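Participant: curious how this folds, go ahead:
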Amino acid sequence: GRARRARPTPAAPGVSRPPAMGSYHYVVTAHPPTNVTHAVVGSFLGPDEVNLIVAKCTRLEVHRPSQAGLQPVYTVPLYGRIATLELWRPPGERTDLILITTERYQFAVLAYDGTKGEVVTRASGELGDAIGRPAEGGQIAIVDPSARMVALRLYDGLLKIIPVAGALAGSARGGAAGGGD
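Facilitator: As a prediction, this is how the structure comes out:
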């Protein structure tokens, strides 16, 4: 008869077997994204400074204008593709905050902490619902001009309203600063 190739015996539960030669895979992005998907202008790094904030797929770039042109200041990698980007300033803030939503219905509110010299997350969470068909025209986020609420169109026929007062501005700011006035 014909010789049969021996099959490897399965590993016991919880025991991993070293992979066969050549089966290691390393996945990495060779080049950072270059396609600009969103751009906003505001005072993100300081109250008397104008900054250009550019979203490039999974990265957020903060630029500062200078005599030589735009100077990159920060590049913030994000876990998720940026679906919306809004810049807004709640009452009592000296600088603008960034609201980002991702294609997988996550959100983050980012701020610049001048004392630490870094971009910090003020709030983040899940926006998805169990029902609903994703919006055909893509997600839309709008911040109320007086920064009282955020309106989100994530699904066809549904409008999600998030009150900002305690959820995104006040309580997160108090917790991040380590105390109140």
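Participant: from now on I want contacts and neighbour counts done on CA atoms only, so please keep to that.
Facilitator: Fine.
Participant: my read: D156 touches E136, true?
Facilitator: Yes: with contact taken as Cα atoms under 8 Å, D156 and E136 are classed as touching, separated by 7.1 Å.
Participant: residue ranges of the helices in the protein, please?
Facilitator: When secondary structure is read from DSSP state H, the chain shows helices at 171-177.
Participant: picking that back up, which one of D156 and E136 is surrounded by more residues?
Facilitator: Just comparing D156 and E136: by other Cα atoms under 10 Å the higher neighbour count belongs to D156, 14 against 9.
Participant: which residues are in contact with R89?
Facilitator: T95, D96, L97, A147 (Cα atoms under 8 Å, 6 or more residues apart in numbering).
Participant: do the same with A147
Facilitator: For A147, the set of contacting residues under the criterion of Cα under 8 Å, 6+ apart consists of W88, R89, P90, P91, V164, A165.
Participant: P72 now?
Facilitator: E61, V62, H63, R64.
Participant: now do 7 Å
Facilitator: Shown in contact with P72 (Cα atoms under 7 Å, 6 or more residues apart in numbering): V62, H63, R64.
Participant: what comes up buried for stretch 37-51?
Facilitator: Counting neighbours by 16 or more other Cα atoms under 10 Å, one finds that the buried residues in stretch 37-51 are H38, A39, G42, S43, F44, L45, N51.
Participant: hey, C-alpha coordinates of it in PDB?
Facilitator: As requested, the backbone C-alpha atoms of stretch 37-51 are provided in PDB (Å, rounded to 0.1, in the frame of the first residue of the first chain):
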ATOM      1  CA  THR A  37      -9.800  62.400   6.200                       C
ATOM      2  CA  HIS A  38     -10.600  65.400   8.600                       C
ATOM      3  CA  ALA A  39      -9.100  68.700   9.500                       C
ATOM      4  CA  VAL A  40     -10.000  71.400  12.100                       C
ATOM      5  CA  VAL A  41      -8.400  74.600  13.300                       C
ATOM      6  CA  GLY A  42      -8.500  75.800  16.900                       C
ATOM      7  CA  SER A  43      -6.600  76.600  20.100                       C
ATOM      8  CA  PHE A  44      -5.700  73.100  21.200                       C
ATOM      9  CA  LEU A  45      -2.200  73.500  22.600                       C
ATOM     10  CA  GLY A  46      -2.800  76.900  24.200                       C
ATOM     11  CA  PRO A  47      -5.400  79.600  24.600                       C
ATOM     12  CA  ASP A  48      -3.400  82.100  22.500                       C
ATOM     13  CA  GLU A  49      -2.200  79.600  19.900                       C
ATOM     14  CA  VAL A  50      -3.800  78.500  16.600                       C
ATOM     15  CA  ASN A  51      -3.300  74.800  15.700                       C
END
